[in-house]
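# need a 3D model of the following:
(one chain, ligands or ions: 1)
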Amino acid sequence: MKKRKKERNQIAMNRKDNHMEKVILIVEDNLKNLKLFKDLLKAWGYTTLEALDGKQGVELAKTKMPDLILMDIQMPVMDGIEATKILKNDTETKDIPIVALTSYVMVGDEERIRAAGCDGYISKPIDIHELRKTIENYLPK
Ligand code: MN
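Below you'll find the predicted structure:
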């Protein structure tokens, strides 16, 4: 357990030392959206990781320590709310910014998303400029 943590910290440190591009984890079950986000992020110079549900997202976040996570809310296996709660309750992953992607915003949804620990959220269909600005805003400098 200790060794794994040390290795992960080393991965994060090497990335900073080398000033390599930022890594963004996309957690999204809709393949069309996933491809759109991936293409946009790559065009903006980010490295991407992809997960198709919350459970995969949590596992990837813990092993790869991305710089930011784009988290869909409605997903099979484990939804984005549950995945966010797990990551925000883990001392190793709690500081990774999470931006929620919501298909519709109902009354109370923003509160539910914030309560889970998401740092920000974007409503789908996404506005490309808003997506870019939000990512830049939440990425650690
Ligand atoms: Mn979804």
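# for Ile128, give its distance to Ala61.
Separation of Ile128 from Ala61 (Cβ to Cβ, to the nearest Å): 24 Å. Every C-beta, even on glycine, is put in place using the N, C-alpha and C of the backbone.
# out of the two, which sits in the busier spot?
Higher neighbour count among Ile128 and Ala61: Ala61, with 24 against 11, using other Cβ atoms under 10 Å.
# OK, contacts around the more buried one?
If you count contacts by Cβ atoms under 8 Å, 6 or more residues apart in numbering, Ala61 has them with 25, 69, 87, 93, 96.
# show only the entries of those found in strands.
Using DSSP state E, the subset of the contacts of Ala61 located in strands is 25, 69.
# whichever strand or helix holds Met71 pairs with which strands?
Secondary structure from DSSP states H and E places Met71 in strand 68-72. Here strand 68-72 is paired, per DSSP bridges, with strand 23-27 (parallel), strand 98-102 (parallel).
# right, and these - which one's nearest the ion?
strand 98-102 (8.0 Å; Cβ to the ion).
# re earlier: most surrounded residue in the contacts of Ala61?
Neighbour count (other Cβ under 10 Å) singles out Ile69 as the most crowded of these, with 29 neighbours.
# what sits closest to Gly117 if chain neighbours are left out?
Leaving aside its sequence neighbours, Gly117 sits nearest to Lys88 (Cβ to Cβ, 6 or more residues apart in numbering; 3.2 Å).
# isn't that neighbour right next to Ile113, touching?
No - counting by Cβ atoms under 8 Å, Lys88 stays clear of Ile113, with 11.7 Å between them.
# who has more neighbours, the two?
Comparing Lys88 with Ile113 by other Cβ under 10 Å, the one with more neighbours is Ile113, at 23 against 16.
# got the phi and psi for the more buried one?
With angles defined as degrees, to the nearest 10, Ile113 sits at phi -70, psi -40.
# now it: how far from the ion?
14 Å (Cβ to the ion, to the nearest Å).
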